[in-house]
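1. Based on what follows, work out the 3D shape:
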Amino acid sequence: CISVCYMMRLILLLLLHVAAFTAWKPTICGGPGTTHSQITKWGKEVNPASVLPEYPRPQMTRDERTTYRNLNGLWEFQPGTGATEPPPFGKKLSGEILVPFPVESCLSGVGQTHKWLWYRKVLTTQPFQTNRTLINFGSVDWQTTVYVNTHKVGFHSGGYDSFSFDITQYLHQSSHHRADDATNIEIMVHVYDPSNEGVQPEGKQRISAITHPGGDTYTPASGIWQTVWLENVPQKDYIEKLKIRSDMQGFDIMVTTAMKSSTEEVSLSVWDSNKVVAHGSGVSGATIRVSIPNPKLWSPSSPFLYNITVHLSSYDTVGTYTGLRTSTLGHVKYPPTPPTGPQPGIDRPGEDMHGSPFDLPRADPNLCWKHCNETKGCEAWAYGIPHCGFGSEKPRCWLKHGRPALHPDKCRVSGVEGIPARTTTRPMLNGKFIYLNGWLDQGFWPDGIYTAPSDEALAYDLQAVKMFGLNQVRKHQKVEPERWYYHADRLGILLWQDAVQKYGGATAATIPHFMHDLTAMVTGPTANHPCVIQWEVFNERDCVGTFHNVSEIVKYVKNLDPTRLVDTDSGGPANSLHVGNVDDHHDYCYPKNNVVPSESQFSAFGEFGGFGYYTPGKEWSPKKCHTYCHADTPADQVHLYSLAIKDLQRLKSLVSASMYTQITDVELECDGLLNYDRTNKFNATLTKQIVQLSQSLINFSP
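-> Model prediction:
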């Protein structure tokens, strides 16, 4: 009877387990009025039994077989009522959610927004039999309180940085409040996220976008949005943090332990494939310098990574890696460029100087050229042939304050002035200038919002950079999971990393939260990745006006990380302070001749473009798409892109970087090269044209 009852219990548990998985299903992925779910191909393959199972911390790894237990999957869930609501210990919550997808996402299975959230997970066995147990959260938006077996184990504020709590002492403790089996381990997570209605930086999230999408803000991503996992670490002490900063000869590493008051011996080995090429030793809490003989450098064309094994005394070992590279400013000398002289049949429309056009006394294009030579600020000219086409009966002259794109016109003669020998400030990778040609990436997904449905999907967005012939990403208003940066490291993608902004409505109460997020980004795991070459402190006018010490904040970032470049305010008013390393402009749709590099700053277009073809059946809400410059067909979008690239080529003597808006459509903002579901808007022929245009800019010499 005992064996029969035992078998029946096993069968019942199995049926309940299967029922839990089969009960989950995504809600509709789309905006108001959507009947066709905008789910990605990876979202269709999501399995609640194995959600984002990959080791989430590639920059500091322990043995997965003995130290790692992934807690992603179905959790109990219910909305909360407020800060003073007592935790519902020992009670089954009213619903379920698929962690780590934000509560508003369709893949969560909830598809609703709530400011207060309760999560509950019950473990029926001890996760590890010895040593210490940590609970790790990749990120939770925004304020998080964690309980284990009714005991509060910690609180964290911040929506974009990882955090951990040591829960060892609570795993074997029970409470009379527990209604279920006392041998179980009850984990409860309480989250508060007011999104854009709070004081904290929220990036591009907006609660009202759920019912009224549009503009450049989108559906919020509240609650747990990155992997949750348990980790087994040594009892005595363990490695808690690594700080790695590399150059072209080696790297500096600092090992921080959990018991920060103690000093432990540290030794490390550096590997090139299966061969040890360098050793290092020192103590925890101090910088250890490691030089590598015959170093192999990291770059987009050769993203070589050295693996590193770090030992803490005799009781802890972690794996990490680095790429050797530098990100600095440099000055590049260029020889003089002669004037073109008169070019018949060529016009250069646009960028006319005040007073243009004007009549000439006789029909001679050299007179127009002479006027340009004698006029301060004139860089190009165009002459109108009299009695030609629909032109004037008199010869006319246009003077240009820039160098407009060429346009065939039989009724015109035009030319550009020469450029004297010059030195231009440039961003340098490993001491060499490389033109940074990339796109804006906001990191939103139609099915997971902030959370990519799989690791393959996460990597795809970076593989797409190379698919379109680019070499750079500006990660906009979001800090990604560590595995995203790992994929960028191994693929050789260069990154500008934004600090997350308070997107409007910032007050003095925003400042400490902004500074927390900024500091966590610049000093945390993101800073260990060689792909990150520049920090973006502020963006446009989002919240910079709230700060009265912008220059000091830029210096603060530089002091925290002197190994990277710093952009003060991408496309914003703080550019006028001329601090930081970048003169950064935003121009839609086409780059304009308003960039002036200085001795201490290179010039860039941190945003341009916004060309959009609206793919039928791929819209977030039917026929609601908008963009900066609409394209009627995919071919038309490529044509508009080509015009912008030609403008950038004309400015190449001044400009060092340009970021196209953007990688994908995002909800109703339909200016991506990819649709929101990551399908390509273009056939193979048009994609090849985009690659050629992108590469022509990277390879173009001024």
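2. Identify the bridge partners of F605.
-> Using DSSP bridges, the beta-bridge partners of F605 come out as H585, S658.
3. And the next helix or strand past the helix or strand containing W369?
-> Assigned by DSSP states H and E, W369 belongs to helix 365-374. Sequence order places strand 380-384 as the next helix or strand after helix 365-374, per DSSP H and E.
4. Please, which helix or strand holds V270?
-> Per DSSP H and E: strand 265-272 holds V270.
5. For the most centrally placed residue in the chain, which non-adjacent residue is spatially closest?
-> Nearest to the geometric centre of the chain sits K475, at 2.5 Å (C-alpha atoms, centre = their mean). What sits nearest to K475 in space, not counting adjacent residues and going by C-beta to C-beta, 6 or more residues apart in numbering, is Q497, at 5.2 Å. Where you see a C-beta, it was placed from the backbone N, CA and C, and this is true even at glycine.
6. Give me the distance between the one you found and W116.
-> 31 Å (C-beta to C-beta, to the nearest Å).
7. I'd say P420 and P336 touch.
-> Yes. Using C-beta atoms under 8 Å, P420 is in contact with P336, at 5.2 Å.
8. hmm, back to that, does the residue nearest to K475 sit in a helix, a strand or a coil?
-> With DSSP: H, G, I helix; E, B strand; the rest coil as the basis, Q497 sits in strand.
9. which residues does it bridge with?
-> K475, W535.
10. I'd like the distance from it to G73, if you could.
-> With C-beta to C-beta as the criterion, Q497 and G73 are 30 Å apart.
11. So between those two, which is more surrounded?
-> Higher neighbour count among Q497 and G73: Q497, with 25 against 22, using other C-beta atoms under 10 Å.
12. and the more buried one, what does it touch?
-> Contacts for Q497 (C-beta atoms under 8 Å, 6 or more residues apart in numbering) come out as K475, V479, M521, T526, V532, Q534, W535, E536.
13. Between these, which sits nearest P622?
-> Closest to P622 out of those is K475 (30.3 Å), distances taken as C-beta to C-beta.
14. And the pLDDT at that closest one?
-> K475 carries a pLDDT value of 98.
15. quick one: the helices in the stretch 401-550 of the chain?
-> 455-467, 482-491, 510-523, 550-560 (DSSP state H, counting those that start in this stretch).
16. and the ones you listed, which is most packed in?
-> Mean neighbours per residue, mean count of other C-beta atoms under 10 Å, is largest over the helices of the stretch 401-550 of the chain for helix 482-491, with a mean of 22.
17. Can you name the residues in contact with that helix?
-> For helix 482-491, using C-beta under 8 Å, 6+ apart, the contacting residues are 54, 56-59, 138, 162, 298, 303, 305, 321, 323, 452, 455, 458-459, 461-463, 465-466, 473, 493, 495, 525-526, 529-532.
18. quick check: angle from that helix to helix 455-467?
-> 40 degrees (axes from the mean of the first three to the mean of the last three C-alpha atoms, to 10 degrees).
19. coming back round to it: would you format the contacts of Q497 as JSON lines with distance to S267 included?
-> Output for the contacts of Q497, formatted as JSON lines (distance: C-beta to C-beta, whole Å):
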{"residue": "K475", "distance to S267": "35"}
{"residue": "V479", "distance to S267": "32"}
{"residue": "M521", "distance to S267": "30"}
{"residue": "T526", "distance to S267": "26"}
{"residue": "V532", "distance to S267": "27"}
{"residue": "Q534", "distance to S267": "33"}
{"residue": "W535", "distance to S267": "32"}
{"residue": "E536", "distance to S267": "37"}
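20. Tell me the bridge partners for T317.
-> H311.
21. Tell me how many other residues surround it.
-> T317, neighbours per other C-beta under 10 Å, totals 17.
22. Need the three-state assignment for the residue lying closest to D647 once chain neighbours are set aside.
-> Distance criterion C-beta to C-beta, 6+ apart; nearest residue to D647, sequence neighbours excluded, is P591 at 4.8 Å. Three-state assignment for P591 (three-state DSSP): coil.
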